[in-house]
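# got a sequence here, can you model it:
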Amino acid sequence: MSDYLVKSLAFGGQLRAYAVEATETVTQAQKDHDTWSAASAALGRSLVGTLLLATASLSGDEKMTVKIQGDGPVGAIVVDGNAQGTVKGYLQNPHVHLPLNAKHKIDVRGAVGTQGTFSVTKDLGLKEPFTGQVPLVSGELGDDFTYYLAKSEQIPSAVGLSVFVENDNSIGSAGGFMIQVMPGATDEVIDQLEQKLKELPLVSSMMQEGLHPEEILAKIFGKENLQILDKMPVGFECDCSKERFAEALASLSSADIEQMITEDHGAEAICHFCGKKYQFSAEELRQIEINARA
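Predicted structure coming up:
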């Protein structure tokens, strides 16, 4: 089944909830970047979290960039997302494998680090994009998305992100949920939610058992308390092109372009997000330089 996201309300609108199946999305990222287990889990959770955050808070052509800069070995993680449910992302060091943590799970905290920043930049079509930034509080990433929502957007939330990586580094399952407390929610509903989340298995484990996003939400709230609003496809999609890289090259100085022509007899551009390579001959670089001067 292709990846998809479910939007819902629970307990008569007291809670807003999203759940996503993102196994194919994370699989595509793992293949594009050849990530090893710890890096796969860190990038995968970041992709899932951005899918949830973007589809919940954006509309139309709005876009966002989530950047996680921790002190762990994977380095910076950057993910772009939009309201249509597509994401693309990369991390600095894809070849990170660590011993399992005390819970015998992939050590995402060790890969990401616990010191650093978590920032979200939203392009809402205005003159200047809006950026909210908070310190990393966990490195597990679900808690970091939760903290960002509480501190930067003042939305009490619970975010669960999960990626299961097979022994051969392939992705077994990936998904997550985001629950937001709406104004007027009763203490009884909030207490019930907190208790349920303490008992809840990992999302990836539930998906491996065959549960789909709407069934995971029903497991959290009870089917009788759940109202499904929408289902939408999601996926990993990069919008890079040779034309876009040509525009970037055109912004370089004539001296820099001339150096590429005389020393390298061309140029190779590599997309950070998907790994695609674009070749530019010396003649193409010369034409780019001429057009830029025109």
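
# and the longest helix seen in the chain, C-alpha only, in CSV?
Counting residues, the longest helix in the chain under DSSP state H turns out to be helix 37-57. Listed next in CSV are the C-alpha coordinates belonging to helix 37-57 (Å, rounded to 0.1, in the frame of the first residue of the first chain):
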residue,chain,number,x,y,z
SER,A,37,20.9,2.0,10.5
ALA,A,38,21.3,4.9,13.0
ALA,A,39,21.3,7.5,10.2
SER,A,40,18.3,5.8,8.6
ALA,A,41,16.3,6.0,11.8
ALA,A,42,17.3,9.7,12.4
LEU,A,43,16.5,10.8,8.9
GLY,A,44,13.4,8.7,8.8
ARG,A,45,12.0,10.2,12.0
SER,A,46,12.8,13.7,10.7
LEU,A,47,10.9,13.0,7.5
VAL,A,48,7.9,11.5,9.3
GLY,A,49,7.8,14.4,11.8
THR,A,50,8.0,17.0,9.0
LEU,A,51,5.2,15.3,7.1
LEU,A,52,3.0,15.5,10.2
LEU,A,53,3.9,19.1,11.0
ALA,A,54,3.6,20.4,7.4
THR,A,55,0.3,18.8,6.6
ALA,A,56,-1.1,20.1,9.9
SER,A,57,0.1,23.7,9.7
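
# i'd like the first residue to be 39 from this point on
New numbering, starting at 39: the last item is helix 75-95.

# tell me which helix or strand Tyr316 sits in.
strand 315-319 (DSSP states H and E).

# centre-most residue in the chain?
By CA atoms, centre = their mean, the chain has its centre lying nearest to Leu85, at 2.1 Å.

# would you agree that one is in contact with Val116?
No: using CB atoms under 8 Å, Leu85 is not in contact with Val116; the gap is 10.8 Å. For every residue, glycine as well, the C-beta is placed using N, CA and C.

# so what sits against both of those two?
Gly127 (CB atoms under 8 Å, 6 or more residues apart in numbering).

# partner residues bridging Met102?
For Met102, the beta-bridge partners are Gly119, Lys160 (DSSP bridges).

# what's the longest strand in this structure?
Selection of the longest strand in the chain by residue count, based on DSSP state E, yields strand 209-219.

# which strands border it, and is each parallel or antiparallel?
Here, using DSSP bridges, strand 209-219 pairs with strand 53-59 (antiparallel), strand 195-203 (antiparallel).

# can I get these in JSON lines including mean pLDDT?
Listed next are the strands paired with strand 209-219 as JSON lines, based on pLDDT from 0 to 100:
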{"stretch": "strand 53-59", "mean pLDDT": "97"}
{"stretch": "strand 195-203", "mean pLDDT": "96"}
